[in-house]
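Q: One predicted model, sequence on top.
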Amino acid sequence: MTTTQNTYAYPVQITQRVTITYDASPAHVGKLEYAVDFIVPENTPILAALDGGVVDVKQDSNVGGEDKSYDTQGNYIEIQHAKNEYSIYEHIRQQGSLVKIGDKVKTGQIIGYSGKTGWIAHLGPHLHFDVHIYLSNNPEDYQTLKIHWKE
């Protein structure tokens with residue numbers, strides 16, 4: 001089991017209305033084993049979990065649903081952190097990113113808003129979050145890490 005070297009803050013403000021689940025999503029298997037879902041209403045502010053630089057943003061989709069065929073239509077923000085770790089924030093709403101590629105972000109900064117784009121399975125609107133490392137130059141060759149959370 002590989003754990004993050006960095007320590008991450010939660011990517012949403014934790015309240016009684018937020019449910020955190022590691023295993024409710026059918027997608028959280030294989031290389032997504034350590035992904036986490038934050039069940040939150042649409043338009044919930046998304047927070048940078050750690051200082052870093054924005055390396056990828058997709059925010060043009062307004063399509064999502066319970067079927068796996070929606071998998072490639074989710075919007076997201078990806079941030080590179082120290083120690084070559086990357087965090088990703090998925091299912092953001094259409095035009096829901098407040099950052100662009102090249103931006104530097106600080107822990108706790110609002111970077112976007114949650115939505116229900118892409119394959120949301122049976123979970124409804126939520127924020128998929130994971131921390132991963134790349135194993136090669138192929139963007140699909142990655143593994144998620146067990147997240148070390150700030151207390």
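A: Everything's here; your move.
Q: so where is the chain shaky, pLDDT-wise?
A: Applying pLDDT under 70 to the chain flags the ranges 1.
Q: From the centre of it outward, give me the first residue you hit.
A: For the chain, the residue nearest the mean C-alpha position is Tyr89 (2.1 Å; C-alpha atoms, centre = their mean).
Q: Report the buried residues of the strand ranked longest in the chain.
A: Longest strand in the chain by number of residues, with DSSP state E as the criterion: strand 86-97. Within strand 86-97, the residues scored as buried using 16 or more other C-beta atoms under 10 Å are 86-93, 96-97. Quick note: C-beta positions are derived from backbone N, CA and C, even for glycine.
Q: re the thing from before, which residues does the residue nearest to the centre of the chain contact?
A: Contacts were defined as C-beta atoms under 8 Å, 6 or more residues apart in numbering; by that measure Tyr89 touches 11, 46, 76-79, 111-112, 127-129.
Q: Closest to Tyr34 out of these?
A: Phe129 (10.2 Å; C-beta to C-beta).
Q: Toward the C-terminus from the helix or strand hosting the closest one, list the very next helix or strand.
A: In this assignment (DSSP states H and E), Phe129 forms part of strand 127-134. The element immediately downstream of strand 127-134 (helix or strand, assigned by DSSP H and E) is strand 142-144.
Q: host element of the residue lying closest to Lys83 once chain neighbours are set aside?
A: Take Lys83 and drop its neighbours on the chain: the residue closest to it by C-beta to C-beta, 6 or more residues apart in numbering is Gln5, 4.5 Å away. Using DSSP H and E, the element containing Gln5 is strand 3-8.
Q: Helices - which of the contacts of Tyr89 land there?
A: Helix and strand membership here follows DSSP state H; of the contacts of Tyr89, not one is in helices.
Q: Could you single out the nearest of those to Arg17?
A: Of all the contacts of Tyr89, the one sitting nearest Arg17 is Leu127; the distance, using C-beta to C-beta, is 12.9 Å.
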